[in-house]
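1. take this sequence and fold it.
(one chain, ligands or ions: 1)
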Amino acid sequence: MRIDVVTVFPEYLQPLDLSLIGRARERGMLDLNVHDLRRWTHDVHHSVDDSPAGGGAGMVMKPQPWGECFDELIPTDVKPRLLVTSPAGRPFTQAMAHELAAEPWLMFACGRYEGIDQRVVDYAAERMEVTEVSIGDYVLFGGEVAVLAIIEAVTRLVPGVLGNAASLDDESHNDGLLEAPAYTRPAEWRGHEVPPVLLSGDHGKVARWRRDQALLRTAQARPDLLEGLDRGSLDKRDRLL
Ligand SMILES: Nc1ccccc1-c1cnco1
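-> Numbering: from 1, shown residues only. Here you go, the predicted structure:
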């Protein structure tokens with residue numbers, strides 16, 4: 001998978017040099033490139049923003065650098081899927097992570113200030129698939145943090161990036177539920193015990209306990225997820241809870 005990130009703060013993306021993503025890049029599993037948008041500016045101040053048309057507070061990212069960036073990075077015959085991080089975007093979910101993990105080439109445009117001139121999105125949408133995406137209902141200084149979160153969620157689904165693929169099986173949102181609580185040694189710690197079923201060696205009982213805990217946790221913290229759950233995926237015991 002190829003990923004390009006265009007940002008005015010390339011150093012914000014340095015965490016992508018670390019850990020499993022960094023290793024996947026070294027091994028050639030991820031072709032990930034970070035580009036400074038100011039590379040496509042021509043004035044002495046390398047300006048990327050201007051006053052908002054119609055007035056108002058703040059500044060808007062101007063279209064010219066983005067247009068020249070696309071001209072250089074995107075050939076005529078092969079197009080990336082363009083993700084524009086924005087508070088007004090489509091909510092990012094695990095389902096979208098799976099959708100994006102199937103794409104051969106992703107390009108992320110990190111907005112700053114009051115956003116990117118809308119014509120950048122409209123112009124790009126004439127040439128490639130463009131999705132404005134949000135990681136939540138809150139306001140950040142810019143899109144870089146959102147891009148880090150999305151790239152981590154997506155690349156860990158790319159075969160070979162996550163060492164032990166089994167880790168993908170029992171995690172939150174994978175089966176529509178939040179994951180069960182996790183424990184390790186010692187069996188008792190400061191008056192708190194590991195639930196005895198987890199030490200029983202009975203794999204069937206452990207699996208049932210984890211499923212019950214996942215359902216209870218989801219009902220308490222995210223009842224909305226239960227509404228969206230395919231009822232067919234609930235077995236008879238689930239319905240008793
Ligand atoms: N607040 C923001 C400001 C700029 C670019 C993205 C965002 C964003 C993305 N998801 C939530 O917020």
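2. going forward, measure contacts and count neighbours with C-alpha atoms only.
-> Will do.
3. tell me which strands and helices the helix or strand hosting Ala207 is in contact with?
-> In the assignment (DSSP states H and E), Ala207 maps to helix 203-221. Applying 3 or more C-alpha pairs under 8 Å, 6 or more residues apart in numbering; DSSP states H and E, we find helix 203-221 packed against helix 223-228.
4. with just CA atoms, put the helix it packs on into CSV.
-> Extracted C-alpha coordinates of helix 223-228, given in CSV (Å, rounded to 0.1, in the frame of the first residue of the first chain):
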residue,chain,number,x,y,z
PRO,A,223,-25.8,1.1,23.7
ASP,A,224,-25.9,2.6,20.2
LEU,A,225,-23.6,-0.2,19.0
LEU,A,226,-26.2,-2.8,20.2
GLU,A,227,-28.9,-1.1,18.1
GLY,A,228,-26.7,-1.5,15.0
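5. so Ala109 versus the ligand, what's the distance?
-> Applying C-alpha to the nearest ligand atom, to the nearest Å, the value for Ala109 to the ligand is 9 Å.
6. point to the residue nearest the middle of the chain.
-> Ile150 (1.7 Å; C-alpha atoms, centre = their mean).
7. the closest residue to that residue other than its chain neighbours and the ligand, how far apart?
-> For Ile150, ignoring the flanking residues on the chain, the nearest one in space by C-alpha to C-alpha, 6 or more residues apart in numbering is Ala97 at 7.3 Å. Using C-alpha to the nearest ligand atom, Ala97 is found at 14 Å from the ligand.
8. and Gly58, what does it touch?
-> Gly58 sits next to Ser51, Pro52, Tyr113, Glu114 when contact means C-alpha atoms under 8 Å, 6 or more residues apart in numbering.
9. ok, Val60 touching Ser51?
-> Yes - counting by C-alpha atoms under 8 Å, Val60 does reach Ser51; the two are 6.1 Å apart.
10. the more surrounded of these two?
-> Neighbour count, other C-alpha atoms under 10 Å: between Val60 and Ser51, Val60 has more, with 20 against 14.
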